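# Just to be clear, the model below is a prediction. Sequence and coordinates:
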Amino acid sequence: MKILMLNPPFLPRFSRFSRSPAVTKSGTIYYPIWHAYATGVLEKEGHEVRLVDAPADGLSRENCYNIAKDFAPAMVVVYTSTPSIFNDIEIAGNIKDLLPDCLIVLTGPHVSALPDESLSIDKRIDAVARREYDMTLVELAQKLEKKENIDDVHGLTFRMGEEIKSTADRKLIANLDLVPFISTVYKKHLNIKNYFYAHCRYPVVSIFTSRGCNAHCNYCVYPQQMFGRRQRQRSPENIVAEFEYIVKELPQVKEVLIDDDTFSFNQKHTIKFCELMIRKNIKLPWTVECRANLKYETMVIMKKAGCRLIVVGFETADNQILKNMKKGLTIERMRQFVSDARKAGIMVHSCFMAGSKGETKETLMKSLKFAKEMNADTCQFFPLMVYPGTEAYEWAKTSGYLTTSDYSKW
C-alpha cells in the first residue's frame with residue numbers, strides 16, 4: 001500500500017521533531033525522526049512509503065499537494081506541533097480534498113494530548129494516531145488493505161460520521177531492536193546535508209537508542225505525551241551495529257547525535273555499549289544527552305568509546321525551582337558533573353530554562369552566574385515552553401500565565 005509520511009511546510013526551516021519545536025537563530029533543523037522511524041517500520045511490513053520533509057527541502061504547500069497527487073497514497077500521515085497546528089491541519093485537509101478516498105492521519109504530542117479538539121478543527125481529517133504511533137500505522141494499513149473497520153485499532157482517535165471516538169491506548173513497543181535503523185531511512189529518503197545541530201559536527205546523523213524516560217520533569221512533552229515514563233533501551237549490540245552501518249553507508253557523516261531523553265539512566269548498559277564500541281574499533285564521534293547524575297567512571301569509558309560532547313539540562317541554579325519542576329537534581333550534583341566531565345576530557349553543552357514555577361529576576365541572575373562559573377564549552381538559554389498535556393502547561397494555565405489559547409499566536 002502507498003503511504004505518504006509528511007512533515008508539512010510552515011515557517012521557513014521550522015523544526016517540529018524535537019521536544020521544543022522552534023525556529024532558532026543558530027539555523028538548527030532537526031531530522032523528522034519519528035516519521036522516519038515509522039517509515040522504516042512500514043517499509044519492513046512491505047508498504048511503499050514516501051517520506052517528505054518540506055521544511056528541510058524548502059517545499060511549499062503547492063509542492064506538497066503535487067507530490068500527494070502524483071504519488072496517490074491510500075494513507076497520508078501528517079506530523080503536527082502546537083504552534084503550527086492550524087497550519088498543519090489545513091494542509092492535511094487540503095490533501096483530503098485532492099484525494100478524497102485517502103485516510104488522513106495526524107500524529108505528534110499536540111494531537112496526542114488533544115485528539116478530540118484537533119479533529120474538531122477540521123472535519124476533513126479522519127484520525128489521530130496517538131502517542132507512539134509506529135505500530136498504530138501498521139495496523140491501520142492492514143485494515144485499509146483488507147477494507148476492514150478501523151474502530152478496534154488501539155491508539156486511535158477517529159471520526160465516525162458526526163462522532164469522534166477513541167480506542168484504548170496502544171502498548172508501547174517492548175523490543176526496540178525490531179525497529180529498523182533510522183539511518184537506513186535517512187539514506188533512502190532524505191538529504192542529510194539539510195540537517196544541522198549547532199552543537200554537533202556537520203554533517204550529523206541523529207538517532208534514538210531508547211524511548212521513554214524514568215525522570216519526572218514537569219515540562220518535558222515526550223515522556224508525558226509520546227513514549228512514557230519508563231525507559232526502553234535498544235541492546236548495546238543493536239546500537240553498535242547501527243554505528244557500523246553509518247560508517248559504511250554514510251561515510252560523509254562526521255558525528256552521531258544520540259538524542260535520547262536520557263541516554264545513561266542505566267549506566268551498566270552505557271558501559272557495555274562503550275566496551276563494544278572500543279572492541280569494534282569504531283572511530284565515529286558521538287554526542288549524547290545525559291542527566292547530571294552521570295558518574296565519572298562512566299564518563300571515562302564514554303570518552304574512550306568516542307563520546308565528544310554531553311548535552312546536560314541544568315535548567316536553573318535554584319534548588320527550590322529544581323524541586324518545583326521535579327528535576328531530581330541539585331546544584332551540588334551539577335557542579336560535580338561539570339568537574340567530572342572536565343577530568344574525563346568530554347565537552348559539555350549546558351542547557352538553561354527561564355520561567356519555571358518560582359522564577360524571579362534574582363533566580364535568573366543566579367542561573368546566569370552559575371552558567372558563567374561552570375563555563376561549559378557551549379551553552380543555551382531558552383524560555384520555558386509549555387505544551388498541552390504536560391504538568392507545566394496545567395500549572396501555567398491554572399496560574400493565569402497563558403495570555404491566549406489560540407495556538408496560532410504561540
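Yep, that arrived.
# any idea which element the residue lying closest to K143 once chain neighbours are set aside lies in?
The shortest distance from K143 to any non-neighbouring residue, by Cβ to Cβ, 6 or more residues apart in numbering, is to I150 (5.0 Å). Every C-beta, even on glycine, is put in place using the N, C-alpha and C of the backbone. Assigned by DSSP states H and E, I150 belongs to no helix or strand.
# Repeat that for the one 3 residues further on.
Following DSSP H and E, there is no helix or strand that holds V153.
# and what of P12?
Using DSSP H and E, no helix or strand contains P12.
# burial count for it?
9 (other Cβ atoms under 10 Å).
# and what of N238?
Neighbour tally, N238, other Cβ under 10 Å: 17.
# so it makes contact with D177?
Yes. Counting by Cβ atoms under 8 Å, D177 is a contact partner of N238 at 4.4 Å.
# And C217, how far from G313?
Here the distance between C217 and G313 works out to 8 Å (Cβ to Cβ, to the nearest Å).
# Could I get the full set of helices for the stretch 301-410 of the chain?
319-324, 331-344, 361-374, 391-398 (DSSP state H, counting those that start in this stretch).
# Looking at those, which is nearest to L384?
helix 391-398 (6.5 Å; Cβ to Cβ).
# Give the buried residues for that closest one.
E391, A392, Y393, W395, A396 (16 or more other Cβ atoms under 10 Å).
# Quick one: end-to-end distance for stretch 304-322.
32 Å (Cα to Cα, to the nearest Å).
# returning to what we had before: okay if I get the helices of the stretch 301-410 of the chain as a markdown table plus mean pLDDT and distance to L144?
Formatted as a markdown table, the helices of the stretch 301-410 of the chain follow (pLDDT from 0 to 100; distance: least, Cβ to Cβ, whole Å):
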| stretch | mean pLDDT | distance to L144 |
| --- | --- | --- |
| helix 319-324 | 97 | 46 |
| helix 331-344 | 97 | 49 |
| helix 361-374 | 97 | 51 |
| helix 391-398 | 97 | 34 |
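# Any chance of a markdown table for these, columns distance to V23?
Formatted as a markdown table, these follow (distance: least, Cβ to Cβ, whole Å):
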| stretch | distance to V23 |
| --- | --- |
| helix 319-324 | 27 |
| helix 331-344 | 29 |
| helix 361-374 | 23 |
| helix 391-398 | 21 |
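# Which among those is found nearest to Y222?
Nearest to Y222, of those and by Cβ to Cβ, is helix 391-398 at 13.0 Å.
# other SSEs contacting the closest one?
Helix 391-398 is packed against no helix or strand, with contacts defined by 3 or more Cβ pairs under 8 Å, 6 or more residues apart in numbering; DSSP states H and E.
# Name the residues that touch that helix?
The contact list for helix 391-398, computed with Cβ atoms under 8 Å, 6 or more residues apart in numbering, reads N218, Y219, Q224, M325, K326, S356, K357, L384, V386, Y387, L402.
# how many neighbours does the second one have?
Spelled out, that is Y219. 26.
# separation between it and E391?
8 Å.
# now swap in the third one and tell me
Here the criterion is Cβ to Cβ. By it, Q224 lies 7 Å from E391.
# Need the residues touching each of those two.
With the criterion set as Cβ under 8 Å, 6+ apart, the contacts of Q224 and E391 do not overlap.
# Now the closest residue in space to V76 that isn't next to it in sequence: which helix or strand?
Residue nearest to V76 in three dimensions, not counting chain neighbours: L4, with 4.6 Å by Cβ to Cβ, 6+ apart. Assigned by DSSP H and E, L4 belongs to strand 2-7.
# Partner strands of that strand, with direction?
If you go by DSSP bridges, strand 2-7 pairs up with strand 48-53 (parallel), strand 75-79 (parallel).
# my guess is A168 meets H154, correct?
Yes. Using Cβ under 8 Å, A168 makes contact with H154 at a distance of 5.3 Å.
# Neighbour count: the two, which is higher?
H154 (14 against 10).
# What's the per-residue pLDDT of the closest residue to the more buried one other than its chain neighbours here?
Leaving aside its sequence neighbours, H154 sits nearest to R170 (Cβ to Cβ, 6+ apart; 4.1 Å). The confidence metric pLDDT takes the value 98 at R170.
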